[in-house]
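*Asks:* Let's see this in three dimensions:
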Amino acid sequence: MDCIPCDNLRHDDREKIRSIKVLDDYLNLGRIRIRTTVPVKHSLYGEIGVLMHKLIDHLHSLRRSSVTIKNYELYLNRFLSYLNRSGVYTLNEMRERHILKFVSTTENNKINIVSSLRVLFRFWSENHLIDVDFENILKYYKWVKHEKIPSYFAADEVRAIEESVDRSGGVGKRNYAMLLLASRLGLRASDIAQLQFSNLDWERNEIRLTQFKTGNPITLPLLSDVGNAIIDYLKYGRFKSESQHVFITCRAPYIPASKSTVCSAIRENISKSKIITDGRHHGPHSLRHSLASCLLKNEVPMPVISEVLGHAKTDTTMKYLRIDLTSLVKCTLPVPYVADSFYMQKGGVFYE
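*Replies:* Just a heads-up that it's a prediction; the model follows:
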């Protein structure tokens, strides 16, 4: 098996190789090993890397989330790699031009990268690790933040997406339940993947969980359609597993579904529904936006929408006002009439 080239293989060939590996594990080990991708390690090396790692240790002591710390490691690793490529290996060799050129040549996540560098330089300065005030270099750095219109689907489009799911098999039953959690309750993909049996209160018809992104608790109604879809999956589609997660993979070994599993399943369902998605994102978050759009269209108060979406502040929910076209039209002002004499003044200069 190790001699088979795995590059540029068709999907069917990869599935055959996987099946053979599963059988080989069972014959030689008596069990099936869990094969997962190894996450990329963004190491911080050298003299500058050691000083960067002091910030990472500090973030750990502040009990920052693992996602936040990984992002810092990623951005600092990029900066460190750039310095090394520029022949800079010590703090004494680092100059203002290196920082500005790195930021100017960065295309993705520029806001987050600049923010990470500011935190790094401030930490170094406050702990007397450097004498130069590098933070001041980026103090007045400005970037243009382009407003984005959230992608969403109309109510009839969401209905068409839900009805297009083939629920005859276990995979379809699982994907349908995950889809309804996103479209009817607005749950994020991470929260759907993390959903456990302990989060379901069947007696009170409630779903209670702690949001993965914000860490804030949220309680949502366990709607009949959502509950029936989950029950249908648990009774007729879910493989036997000791996992306490509601959704698991459909292949052995049966482990909890990941965020990427949820995203892929919902994205595939939307694509198969033949809904026109040109210029629109079509993942779980688009269904969350669609729910917000539907609530706004039905004139649901903003605080209620914030509670449904699990927003701690109403200000966060305000961004959805830009997709409430019905209400925006009501805010338009009539264009005043302008007499022809205005355009004909100075010999009709406005017609030229």
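*Asks:* where along the stretch 101-250 of the chain do the strands fall?
*Replies:* In the stretch 101-250 of the chain, the strands defined using DSSP state E, counting those that start in this stretch lie at 200-201, 206-210, 217-221.
*Asks:* In TSV: those, plus mean pLDDT.
*Replies:* Conversion of the strands of the stretch 101-250 of the chain to TSV gives the following (pLDDT from 0 to 100):
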stretch	mean pLDDT
strand 200-201	96
strand 206-210	95
strand 217-221	93
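*Asks:* so which of those strands gets nearest Gly237?
*Replies:* Shortest separation from Gly237 across these is recorded for strand 200-201, at 16.3 Å, computed as Cβ to Cβ. Quick note: C-beta positions are derived from backbone N, CA and C, even for glycine.
*Asks:* Pairing partners for that closest one, with directions?
*Replies:* strand 206-210 (antiparallel) (DSSP bridges).
*Asks:* Not counting the partner strand itself, show me its contacts.
*Replies:* With Cβ atoms under 8 Å, 6 or more residues apart in numbering as the test, strand 206-210 has contacts from 185, 191, 194-195, 199-201, 216-222.
*Asks:* swap the cut-off to 6 Å and go again
*Replies:* Residues outside strand 206-210 that contact it (Cβ atoms under 6 Å, 6 or more residues apart in numbering): Asn199, Pro217, Thr219, Leu220, Leu222.
*Asks:* And that strand, what's buried?
*Replies:* Ile207, Leu209 (16 or more other Cβ atoms under 10 Å).
*Asks:* do the same with stretch 43-56
*Replies:* Leu44, Ile48, Gly49, Leu51, Met52, Leu55, Ile56.
*Asks:* what about it, distance to the chain center?
*Replies:* 28 Å (Cα atoms, centre = their mean, to the nearest Å).
*Asks:* for stretch 237-244, same thing?
*Replies:* 26 Å.
*Asks:* just stretch 60-71 next, same as before
*Replies:* 17 Å.
*Asks:* And it, end to end?
*Replies:* Stretch 60-71 stretches 13 Å from its first residue to its last (Cα to Cα, to the nearest Å).
*Asks:* Need the mean per-residue confidence for the helix or strand hosting Asp25.
*Replies:* Counting by DSSP states H and E, the element that carries Asp25 is helix 11-29. For helix 11-29, the mean per-residue pLDDT is 81.
*Asks:* How about stretch 112-126?
*Replies:* 91.
*Asks:* Ok, stretch 156-164 next?
*Replies:* 94.
*Asks:* circling back: I'd like the distance from the helix holding Asp25 to the chain centre, please.
*Replies:* With Cα atoms, centre = their mean, you get 32 Å for helix 11-29.
*Asks:* before we move on, the earlier item: how about TSV for the strands of the stretch 101-250 of the chain, with distance to Ser61 added?
*Replies:* Output for the strands of the stretch 101-250 of the chain, formatted as TSV (distance: least, Cβ to Cβ, whole Å):
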stretch	distance to Ser61
strand 200-201	36
strand 206-210	23
strand 217-221	25
